[in-house]
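Asks: This is the structure alone, sequence omitted:
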C-alpha cells in the first residue's frame, strides 16, 4: 500500500514538467521521489535509485504532505540577512554625499572602516567593514576619482542657459544649432589604463619630441552630425575656417547657431568682424566653468579614449590619419560605432 496520499493527474503532470525545466537538481530529485512513491515504490528502492538516504526520502515526504509540491522547492543558499539591508544602503548613499569632516572626523574621504563605524553608531548594528564593502555596489556606489571644479559661479548663468535652451528648442533644418569646441592633438600619447597581465606593466613608446595639431569641431545638436577642420595653430583663423565650412555645408539654413565656450578665439576682434559680415551666424557663449554644457566635449573624450591614449604612432601624419578616420566613423555622435570601427 502506498505511503503517500494520491496525487491528482494534473498535479503529477505539473511536477513532471518542473522536473524537466528546473535547473535545481535537488528539487528535481525530491519531485521524482514523490512520483516514485506514488507509483508504489518502496522508500528503500527510491533511496537506492536517487542515491540518497532513507531519512532524506522520509523528510521530503513530510514536506510534501504538509506543504504540497511547493514544500519541495530549495531554499536560497546562505543565511538570511540579520540587518535591514535596504535601509543601510540608503544610509550609505546619504553618508557618501557628505564629507567625514561634517561628522567631526579628520579624514577627507570615506573608508569602509569609517563607514562601518558610522553605520554602527547610527543603527546600533555590529557590521564588519568587509560587509559594508560588499554592500557598496548594491547601494550604487563606486570608487572613482572626483572631478575638480571652481567655486566661482557665473553671475549670468541663468540667462545664458535660458538662451541655450531656447536655441535648442528651435533647432530645425533651417535653423541648425551646433556645439562647438577645439581639441589639441599631441604626438606624445596620453597614458591611460589598459588590460594587462598582473605584474607585467605595458610600455608605451613615446616619440620624445612632441608635436601638436588642432581640430575645431561642431556637433549638430539634432542629428549628431560631426563637422570639423584642422590647423597647425589654435587661433581665430581656425575658428573662422570652421564657420566657413559650416556656411558651405548648410547653405539652405537661414540661421546657424553655435554654442561655444569663452575661449579667446571665439571673442577676438578678428572673429567679431567676420561675424558682422555674416549675420547668418549666431554665437551663444556657455556659462564659465561649465564644460558639461557643451556636448562636443564628449566627442573629444571619445577621440582621446579611442585614438590618442597609448597610441603607437611615430609621426604626426600617422596619428592624424587615425584621427580623421575616427571623425568620419564617429558621425552621427553618439551612435556611430567608432570604438569598433576598423582602420
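Replies: Received it, and whenever you're ready, just let me know what you need. Just so you know, these numbers come straight off a predicted model, no measurement behind them.
Asks: hang on, isn't residue 334 packed against residue 296?
Replies: No. Taking CB atoms under 8 Å as the definition, residue 334 is not a contact partner of residue 296, at 11.5 Å. Placement of C-beta: from N, CA and C, glycine included.
Asks: Please, which helix or strand holds residue 228?
Replies: Assigned by DSSP states H and E, residue 228 falls within strand 226-231.
Asks: What is that strand packed up against?
Replies: Secondary structure elements in contact with strand 226-231, counted by 3 or more CB pairs under 8 Å, 6 or more residues apart in numbering; DSSP states H and E, are strand 212-220, helix 236-249, helix 316-329.
Asks: Going by neighbour count, list what's buried in that strand.
Replies: Of the residues in strand 226-231, those buried under the neighbour-count criterion (16 or more other CB atoms under 10 Å) are 226, 227, 228, 229, 230, 231.
Asks: Quick check: which of the helices and strands packed on strand 226-231 is buried the most?
Replies: Per-stretch averages of neighbours, counted by mean count of other CB atoms under 10 Å, single out strand 212-220 among the helices and strands packed on strand 226-231, with a mean of 21.
Asks: so how far is stretch 177-197 from its chain's centroid?
Replies: Here the centre of stretch 177-197 is set off from its chain's centre by 19 Å, with CA atoms, centre = their mean, to the nearest Å.
Asks: buried stuff in it?
Replies: Within stretch 177-197, the residues that qualify as buried are 177, 178, 179, 180, 181, 182, 183, 185, 187, 189, counting by 16+ other CB under 10 Å.
Asks: ok, these vs residue 71, which is closest?
Replies: In terms of CB to CB, no member of these lies closer to residue 71 than residue 179, at 61.9 Å.
Asks: quick one: the closest one is in a strand?
Replies: Yes. Inclusion of residue 179 in a strand is indicated when DSSP: H, G, I helix; E, B strand; the rest coil is applied.
Asks: Tell me, how many residues neighbour the nearest residue to it once chain neighbours are set aside?
Replies: Counting by CB to CB, 6 or more residues apart in numbering, residue 296 is the residue found nearest to residue 179 once chain neighbours are left out, at 4.1 Å. As a burial measure, residue 296 scores 24 neighbours (other CB atoms under 10 Å).
Asks: I'd like to check which residues are in contact with residue 296.
Replies: Listed by CB atoms under 8 Å, 6 or more residues apart in numbering, the contact set of residue 296 reads 179, 180, 181, 217, 218, 219.
Asks: what's the answer for residue 258, then?
Replies: Under the criterion of CB under 8 Å, 6+ apart, the neighbours of residue 258 are 177, 178, 179, 180, 218, 243, 281, 282, 283, 284.
Asks: Tell me the secondary structure of it, please.
Replies: Reduced to three states by three-state DSSP, residue 258 is strand.
Asks: Distance-wise, check it relative to residue 227.
Replies: Here the criterion is CB to CB, to the nearest Å. By it, residue 258 lies 11 Å from residue 227.
Asks: residue boundaries of the helices in this protein?
Replies: Along the chain, the segments classed as helices by DSSP state H run 9-21, 25-38, 43-50, 54-67, 85-96, 112-123, 129-135, 157-169, 236-249, 269-277, 296-303, 316-329.
Asks: Can you list the buried residues in the fourth one?
Replies: Of the residues in helix 54-67, those buried by neighbour count under the rule 16+ other CB under 10 Å are 56, 57, 60, 61, 63, 64.
Asks: on contacts alone, who are the packing partners of it?
Replies: Contact analysis of helix 54-67 by 3+ CB pairs under 8 Å, 6+ apart lists helix 25-38, helix 43-50 as its packing neighbours.
Asks: What lies in contact with it?
Replies: Where contact means CB under 8 Å, 6+ apart, the residues beyond helix 54-67 that reach it are 3-5, 30, 33-34, 37, 43-44, 46-47, 50, 71-72.
Asks: Give me the buried entries from these.
Replies: If you count burial by 16+ other CB under 10 Å, the buried members of the contacts of helix 54-67 come out as 4, 30, 33, 34, 37, 43, 46, 47, 50, 72.
Asks: I'd say the fifth one and residue 6 touch.
Replies: By that I understand residue 37. No. With contact defined as CB under 8 Å, residue 37 does not count as touching residue 6 (11.1 Å).
Asks: Which among the helices and strands packed on helix 54-67 is found nearest to residue 197?
Replies: Residue 197 lies closest to helix 25-38 among the helices and strands packed on helix 54-67, at 37.5 Å (CB to CB).
Asks: For that closest one, what is the distance to the chain centroid?
Replies: For helix 25-38, the separation from the chain centroid amounts to 45 Å (computed by CA atoms, centre = their mean).
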